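Visitor: Sequence first, predicted coordinates after that:
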Amino acid sequence: MALFCTLVSAQPRFAPANPDGPFRVKIGECAHGAVTVSPAVDPEEGTVFPKGTTLHVKATADPGYAFECGYKDMYGMFAFYTEYYQPEFDVVVDSDNLVIGASFVEPERLQGYRCIQDIVYAQPGVKSLRYDAYIPDGANKLPGIVIIHGGGWQMNCQNVMKGLARELVKDGKYVVFSIDYRWIGTRDGDATPNTMNQLIEDCFGAIMHIREHAAEYGLDPDRLAVTGDSAGGHLCASVATMIERIGDRGFGVKPGIYEYRPTYLPAGMSAKKARKALRKSIRACAPNYGIFSAKSIDRFVQDLKGEDARAAVSPLSNIPKASKRRIPHWINRGTEDTTVDDASNQEYYEALKAAGQEAYYIHVPGAQHAYYDWKPDSRTKETFLRFGAPYARQMEDFFNTVFY
């Protein structure tokens, strides 16, 4: 098990006034537990440390709760942060206004399954691409659900979907995987900007790695569903609709040819064979408050020249006819979402129905954007428990109609 997963961008969002320090460190939210830091941090005002100071942190849960993760954040905003998986961990002071804390949950949230964290499936650039596997006790050839996180294609990692993963694994009917992918542009630190088609190739690659190791996870590799939220809603819909585009001829290398080669392929496997395998295995999709048309993602795909290239990364433009391949969809969006509009989700739903696909569009009364996220702060958790958890149950009910 890896010690930590970083969500911090290679290009810091907040530049300190004095990049050489010293830097202030504060204690953040630790509901249902506490952290002790050595050297000590003043609990009220915080403490200033020289740059490079190593702080040893110990997290202790209150009675009736269990340690979930430690964290290092900037400004307490949880926009970019680092998680630590062990209750004792070290933090290096490397920027100003660091916030250190821990998350604690009810023990039952961590029971009934095992989680293998940070499984590396590829490294096409600076960042290692990873996924987490949530495996029910006694899993044996169960169907699987692959979750693709959101974050505008340029932040977060697989950890932000841990709440949804735990909801979907707890009945013991599914092995659940939460995957990461490259961030668009240069936010990973890559000299050459990552483009949307490469992110889609990463998602296909993660699924190919999962399929290859299915026996280790108690998974039936030929029974898979995909889901995701926001940017992950777009990516999971891309995975579901664009399997026919998998190939070896490149994306835009030749005029009119836009094919996806999965970032990971088992030794000796061609993209053509991967296409055949994924056509057989991916059987359902649940995109949550995503965007699906070329127009709606236009500002994120400026590196892709021409309408054909942009249509090739648009799920709306790639829906297969049900007579060719069935891919049932369950779509949901909060009625108070100001980030993704109803019209884009309605348009995708209607296009699915026009193609003869089974599709459902569920409205979540009162919910804003990102209610499937799970982060260490109480506000995000409370939003998930109010909206994400009950609609995760409905999502599972939909998957059950496909697999059971």
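Guide: That came in fine, so what should we check first?

Visitor: Please count neighbours and contacts with C-alpha atoms only from this point.
Guide: OK.

Visitor: Not including adjacent chain positions, what is the nearest residue to Arg130?
Guide: Closest residue to Arg130 apart from its sequence neighbours, by CA to CA, 6 or more residues apart in numbering: Val120 at 4.3 Å.

Visitor: correct me, but the one you found touches Ala133?
Guide: No - using CA atoms under 8 Å, Val120 is not in contact with Ala133; the gap is 11.3 Å.

Visitor: Looking only at neighbour counts, state which of the two leads.
Guide: Ala133 (21 against 15; other CA atoms under 10 Å).

Visitor: I'd say the more buried one and Val175 touch.
Guide: Yes - the pair Ala133 / Val175 is scored as a contact, 7.3 Å apart, by CA under 8 Å.

Visitor: which residues do these two both contact?
Guide: Common contact partners of Ala133 and Val175 (CA atoms under 8 Å, 6 or more residues apart in numbering): Tyr217.

Visitor: follow-up on the earlier one: helix/strand/coil for the residue nearest to Arg130?
Guide: strand (DSSP: H, G, I helix; E, B strand; the rest coil).

Visitor: what do you get for Ala237?
Guide: In three-state terms, and counting by three-state DSSP, Ala237 is helix.

Visitor: Tell me the spacing between it and Val175.
Guide: Look at Ala237 and Val175: by CA to CA, to the nearest Å, they are 20 Å apart.

Visitor: Between these two, which is the more surrounded one?
Guide: Taking neighbours as other CA under 10 Å, Ala237 and Val175 compare with Ala237 leading, 32 against 29.

Visitor: Could I get the full set of helices for this structure?
Guide: Under the criterion DSSP state H, the chain carries helices at the ranges 162-169, 196-212, 214-217, 231-241, 271-281, 307-311, 342-354, 378-383, 389-403.

Visitor: And these: which comes nearest Thr263?
Guide: helix 196-212 (4.6 Å; CA to CA).

Visitor: and that closest one with helix 231-241, angle?
Guide: Orientation of helix 196-212 against helix 231-241 (axes from the mean of the first three to the mean of the last three CA atoms, to 10 degrees) gives an angle of 70 degrees.

Visitor: and helix 196-212, how far from the chain's centre?
Guide: 13 Å (CA atoms, centre = their mean, to the nearest Å).

Visitor: Over to stretch 94-112?
Guide: Distance of stretch 94-112 from its chain centroid, counting by CA atoms, centre = their mean, is 18 Å.
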